[in-house]
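Participant: Let me see the structure of the following:
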Amino acid sequence: AAQSRPDVLITVDNGIASVEGVAHARRLGIATLITDHHLPGAELPDAACIVNPNQADCAFPSKALAGVGVMFYVMLALRAELRRRGALEEQPNLGSLTDLVALGTIADVVPLDANNRNLVAQGLKRLRAGYGKPGIVQLLRAAGRAPGEASSFDLGFVAGPRLNAAGRLADMSLGIECLVTDDEARAANCAQELDRLNRERRKIEAAMLEQALDEVKKLAEEDRSTFFVPGWHEGVVGILASRLKDRLHRPVVCFARSAAGGLLKGSGRSLPGLHLRDCLDLVAKRAPGLIQRFGGHAQAAGLTIAEADYERFCAVFERTLEQLLPAEARLHTVETDGALEAAHCTLEVARLIEAQIWGQGFPQPLFCDTFAVESQRVVGERHLKLQLIKDGRRFEAMRFGALDPVADRVRAAYRLSVNEFNGLKNVQLNVEHIE
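Facilitator: Model (predicted):
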C-alpha cells in the first residue's frame with residue numbers, strides 16, 4: 001500500500017488486531033479506516049476510524065454482522081452523508097449489491113439474527129429474480145444449480161467453497177474477478193476454473209482427513225485436539241479442522257507449515273460451550289511468546305506459532321481446553337424437531353423448506369424417525385445411497401461423506417431436500433446421524 005501512496009487505507013473484515021500495521025501506516029502518513037467484525041483485543045489500533053459492531057461502546061444492535069455486512073452499512077452511511085451534502089450527481093443503487101452481501105454473510109457462517117436474515121433474504125430475492133451478479137450466477141451454473149431457485153445452501157455450500165478454493169490453492173484474485181466482472185463470458189471462464197480448483201481442494205482435503213483419522217486411531221487412548229502433518233496444505237487446514245471437530249466431537253486445531261519458514265499456521269474450530277478465541281487468549285497469557293499471532297471468534301480462530309513450539313503448544317492448549325470445556329459440551333447430543341408425518345414428507349414441503357433462509361444459529365428443521373433399510377450402496381466413492389421404508393412407504397436417502405454400512409433397522413436424523421436427476425425432481429432424505 002505504501003508504494004501506491006494512498007491518503008486512506010480501508011480494511012474489510014480485518015484490521016481490529018493490526019496494532020503494529022496501523023501504527024506503521026500512520027508513520028507513513030496514511031490514515032486508516034478499519035471495518036471489521038472480529039472481536040477486539042485489549043489494545044485497539046490507533047486508526048482514524050474503527051467501525052466494528054463488537055466494540056464495547058458500539059450501540060449497533062446486530063452484533064453478528066459479517067465483514068461484508070459491516071462494509072455494506074458503511075457504504076449506506078456514506079451514501080446518506082453524501083446526499084446530505086448534495087455531493088451526489090447520481091444515486092448509487094446499493095441494493096444491486098445485496099446478492100454479494102448475502103453470499104458473504106452465509107459463507108462466513110455468522111449467526112443468522114433478524115438483521116442478517118433480512119440481508120440474505122434480499123440477496124436471494126435478487127438472485128431468484130434474475131438480477132444476480134454474473135459471477136455468482138455462473139458459479140451456481142458450474143455446479144449444476146439453478147440461479148432462479150437459489151437458496152442459502154447454494155450460497156454456503158456451492159458458491160462459497162468454489163470462491164474459497166482460489167484463495168486456498170492459488171490466487172484469490174481469480175475469485176475477486178469472478179465476482180466483480182460484468183462480462184458474462186469472463187464470469188463463466190472464471191467459474192469453470194474455480195470449479196476445477198474446488199475439485200482439487202476436495203482431493204487434498206480427503207487425503208488430509210484420512211491422514212488425520214489414522215493419527216486418531218494410533219492415539220485411541222487420548223482425547224487429542226491438535227493435529228499437524230508436515231505435508232498438509234496451509235489453505236485446507238481450516239476445512240480439515242471443521243471435519244475433525246464433527247467426527248471427534250471436540251474442539252480441534254490443525255496446523256500446516258507456513259510459506260514463511262519455521263512457522264506453523266493453525267486453524268481451529270470449536271463446539272458450542274467453548275469460546276475458542278478466549279481459550280487461545282488464555283493460552284497466550286499462560287505461556288507468553290508461545291503464540292505469535294491469533295484472532296477469531298467463538299467457534300473459529302486462527303493462529304501462528306513457531307514449529308519448534310508445536311509440542312509445547314499442544315500441552316498448554318490441551319490443559320486449558322480440559323479446564324474450560326464444560327461437561328455438557330462433551331456430550332454428543334443431537335437435537336431434532338421430532339418425527340415427520342408421512343403426509344408431510346413430500347416434494348412440496350421439501351421445496352417450501354429449501355426456499356427459506358437457513359444457516360448458523362437458524363438451522364433447517366432436522367427430523368427423526370425409525371426406518372427399515374431395504375438397500376444401501378456407495379455412490380461417488382464418498383457417499384452412501386439408501387432405500388428406506390417407513391409405514392410401508394419407500395424413501396430415497398443419502399448419507400453424504402459416510403461409507404460405513406448401516407444396520408437393517410435404524411433411527412435416523414435427517415433433513416428434507418429436493419433431488420433433481422435428468423430434469424426430474426423428487427423428495428430425498430439427507431441423513432445426518434444414525435443410531
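Participant: Can you point out the buried residues in stretch 39-57?
Facilitator: Of all the residues in stretch 39-57, those buried under the rule 16 or more other C-beta atoms under 10 Å are L39, P40, L44, P45, A47, I50, V51, N52, P53, N54, Q55. Every C-beta, even on glycine, is put in place using the N, C-alpha and C of the backbone.
Participant: quick one: contacts of that stretch?
Facilitator: Contact with stretch 39-57 is made by 8, 15-19, 21-23, 26, 31-38, 58, 60, 62-63, 65, 70, 73-74, 277, 281, 295-297, as judged by C-beta atoms under 8 Å, 6 or more residues apart in numbering.
Participant: start to end distance for it?
Facilitator: Terminal residues of stretch 39-57 are spaced 13 Å apart (C-alpha to C-alpha, to the nearest Å).
Participant: again, but for stretch 331-339
Facilitator: Per C-alpha to C-alpha, the first residue of stretch 331-339 is 22 Å away from its last.
Participant: average model confidence for that stretch?
Facilitator: The average of the pLDDT scores along stretch 331-339 is 91.
Participant: My reading is that T304 is in a strand; is that accurate?
Facilitator: Yes. The assignment for T304 (DSSP: H, G, I helix; E, B strand; the rest coil) places it in a strand.
Participant: what's the neighbour count on it?
Facilitator: Other residues within reach of T304, judged by other C-beta atoms under 10 Å, total 15.
Participant: Touching, it and Q292? I think so.
Facilitator: Yes. T304 is within contact range of Q292, at 4.7 Å (criterion: C-beta atoms under 8 Å).
Participant: in the least confident helix or strand in the chain by mean pLDDT, what's buried?
Facilitator: Lowest by mean pLDDT, DSSP states H and E among the helices and strands of the chain is helix 327-330, with a mean of 86. Using 16+ other C-beta under 10 Å as the test for burial, helix 327-330 gives A329.
Participant: Would you mind putting the CA coordinates of stretch 389-405 into CSV?
Facilitator: What follows is stretch 389-405 as a C-alpha-only set of coordinates in CSV (Å, rounded to 0.1, in the frame of the first residue of the first chain):
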residue,chain,number,x,y,z
ILE,A,389,-39.0,-47.9,4.4
LYS,A,390,-41.4,-46.4,7.0
ASP,A,391,-45.0,-47.4,7.4
GLY,A,392,-45.0,-49.2,4.0
ARG,A,393,-43.6,-46.2,2.1
ARG,A,394,-40.2,-46.1,0.4
PHE,A,395,-37.9,-43.1,0.7
GLU,A,396,-34.7,-42.3,-1.3
ALA,A,397,-32.0,-41.2,1.2
MET,A,398,-28.3,-40.1,1.1
ARG,A,399,-25.7,-40.1,3.7
PHE,A,400,-23.0,-37.8,2.4
GLY,A,401,-19.4,-38.3,3.4
ALA,A,402,-20.0,-41.6,5.1
LEU,A,403,-19.2,-45.1,3.7
ASP,A,404,-19.8,-47.3,6.8
PRO,A,405,-22.7,-49.7,6.1
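Participant: What strand or helix carries L9?
Facilitator: Applying DSSP states H and E as the criterion places L9 in strand 8-12.
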